[in-house]
Each structure stands twice: as C-alpha cells, then as structure tokens.
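> Give me a model of this one.
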Amino acid sequence: MRPTRPGRPPLGGTGAPSRKLRYPSGRAGLDARRDDRARDHVGLPDVLGDRPDGGRPATQGVPGNVIDVETKDTTALSDSELAEMADLSAAASSGYEVGFLSKHREEWVLVTQAREDGRLVGYSFSTLERIGGTPSLLVGVASFVRGPAPVAESALKTVMGDLFRRAVLAFPDEDVLLGTRLASPAAFRAFAGLEEVVPRPEHKATGEERAWGRRLAKRFGVENSLDDRSFVITGDGSPAGLLDYDPQGPAAAAPAEVTALFATLDPSRHDSLVGFGWAMAEDLAEGSLPH
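Numbering: from 1, shown residues only. I've put the predicted structure just below:
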C-alpha cells in the first residue's frame, strides 16, 4: 500500500504543506518508494508517444552541436537578449514581442536561455517559491524553436533540466510542484517523468487537484478566467504567458488522448490550460529529470 502523504488544506484553503513522504531513510526507503511508484504510476510517459530520438536522453540537437544553457536573474537580462528572444517567439505560435517580454522580466525571478552554436533555441522565465508551504517551480513564459523536432526537444529538455537542477538546490529532499500554462498538446513533454500530472487523459480531477488549479491560476493572475473542472483558462484576445512548445514534423505529434485535452481551446482568444505535476525528490536528487 502506498504510504499516506501529509494532508493538504480543504478546498478554498490558502496553502498546502510540503510533500515530504514518510519513507525510511537511506537505500531501503528509496527502494520502497520506487516499488510504490511502479505499482501506482500516474505520470504521463505512457501517453507522450514515441520520442523523436528513439528514447535516448536528448542532450544535443543536430549531432555534434551541443546545446548550452544559462540561468540568471532576470535583472541581468539585456535589451538585446530580449530582442533575440522576441525574434525566436515570432516564429512560434506565441508571437511574444519585446514589450510583452519586458513586462515579464519584471514579474519573474529567473531567466534561462538555451543556445546551439550560439543561436538561441529556447528560453524561459520562472521562479522557485513556496505556495502555502509547498515547494514550487513556476514557469511563467517559455518559448522554443519550432523545429526540427529533435532540436526543439533537446532545447526543452535542456531548459527544464537546468530548472530542475536549481529546484533540488532550493528544496533538497522535497517533492516539487511544476506549474505552468500550455496551449499545445506537444507542450505536455515538459511534464515527462513527473507524477500525478493534472490534467491528464482519462482522469477526473479531485477536489484537491482542482484547488491546486485555482491556486496556480491565481498566481498567474487569471483566477477569474479558469474553469477548474477542465483547467481551461479563457483568454481575452491578448497574448498569454505560457510554455510555448510546438515543434514541427510528424515525430512531434502528440497522442490523440492528449490532444483531446486541448479540443475546446480557442487560439484566437489565446486560451490555455493550467497544468501541474510533481517532481519526486529522488528523481531531482539523481538528476534524472526530465525523462
């Protein structure tokens, strides 16, 4: 039987306690936890489809071209870097302009940039904070090169990998919630390797999970636009901060059951989904995320 996690507040509560689990310390506890996860797995790897690299860890784009990553305080971001980020987004579905990115430079703490041979292939604005006591990694804005799919996935994995590395430094020995907004099925790859991802196919969200959706929507400043049953955020026609990952090519196609989660979104309104999942403490410590 899976060990009971510490309780969280009821619906409408203002916070949620840490997700430290009560397993034995050392190797015995790690093995017990892995056994429980294998029996009661509720992540997303089974619905993400085949990876364009055949399942191998994606640390490079075009063979021989290593993707480098840098994370720094957003106050250190220059205007020329903002312009470069806007150029990358112009080719993506988000179409973020310099003014939009400049605003988010003020709203978020960290900026992460991934480069292949000096060319920007992905970036994110994020923060590490506690929401009602729960360790959280929030990605407010992110954008990645549209294609080809192997380069795009390498960029996504490189950025997310660096964010998870910082999460374990900020919150050692704790599970960390990853929260963001999504507008394309392919963006679910950001949750690869995480547990209890919501929303997910064939899963009816619990009251507790719906409460988390509301907490995140409030943190993103869109609490009045959220349907907490479908996790859809209705847009107002202006660009919305989200994790924009939508590579090109057949290898990037998401399974039908994931695509169905986005069926009611209206791109002209800039609708999105609020989504979250749990990065487990041992995966963070081992540096195995994203899978």
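> For the rest of this, base every contact and every neighbour count on C-alpha atoms.
Fine.
> Make sure A186 is indeed in a helix.
Yes: assigned with DSSP: H, G, I helix; E, B strand; the rest coil, A186 falls within a helix.
> for the helix or strand harbouring W278, packing partners?
Here W278 sits within strand 272-279, counting by DSSP states H and E. Under the contact definition 3 or more CA pairs under 8 Å, 6 or more residues apart in numbering; DSSP states H and E, strand 272-279 sits against strand 176-182, strand 195-198, helix 207-219, strand 232-233.
> Most tightly packed of the ones you listed?
By mean neighbour count, with neighbours taken as mean count of other CA atoms under 10 Å, strand 176-182 ranks first of the helices and strands packed on strand 272-279 at a mean of 26.
> mind checking the backbone torsions on R119?
phi -90, psi 130 (degrees, to the nearest 10).
> meant to ask about P135, not that
According to degrees, to the nearest 10, P135 has phi -60, psi 130.
> Correct me if wrong: it contacts D175.
Yes: assessed by CA atoms under 8 Å, P135 is found in contact with D175 at 7.1 Å.
> Setting the sequence-adjacent residues aside, check what's closest to Q248.
Of all residues not flanking Q248 in the chain, G147 sits nearest, at 5.0 Å (CA to CA, 6 or more residues apart in numbering).
> State the distance from that neighbour to L216.
Counting by CA to CA, to the nearest Å, the separation of G147 from L216 is 30 Å.
> same check, this time on T127
Counting by CA to CA - T127 and L216 are separated by 13 Å.
> hmm, back to that, format the helices and strands packed on strand 272-279 as JSON lines; extra columns: mean pLDDT.
Formatted as JSON lines, the helices and strands packed on strand 272-279 follow (pLDDT from 0 to 100):
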{"stretch": "strand 176-182", "mean pLDDT": "98"}
{"stretch": "strand 195-198", "mean pLDDT": "97"}
{"stretch": "helix 207-219", "mean pLDDT": "98"}
{"stretch": "strand 232-233", "mean pLDDT": "98"}
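> Check the burial of D236 by counting its neighbours.
When neighbours are defined as other CA atoms under 10 Å, D236 has 12 of them.
> Next up, the contacts around the closest residue to it other than its chain neighbours.
Excluding the flanking residues, the one nearest D236 by CA to CA, 6+ apart is R269, at 5.5 Å. For R269, the contact set (CA atoms under 8 Å, 6 or more residues apart in numbering) comprises 234-238.
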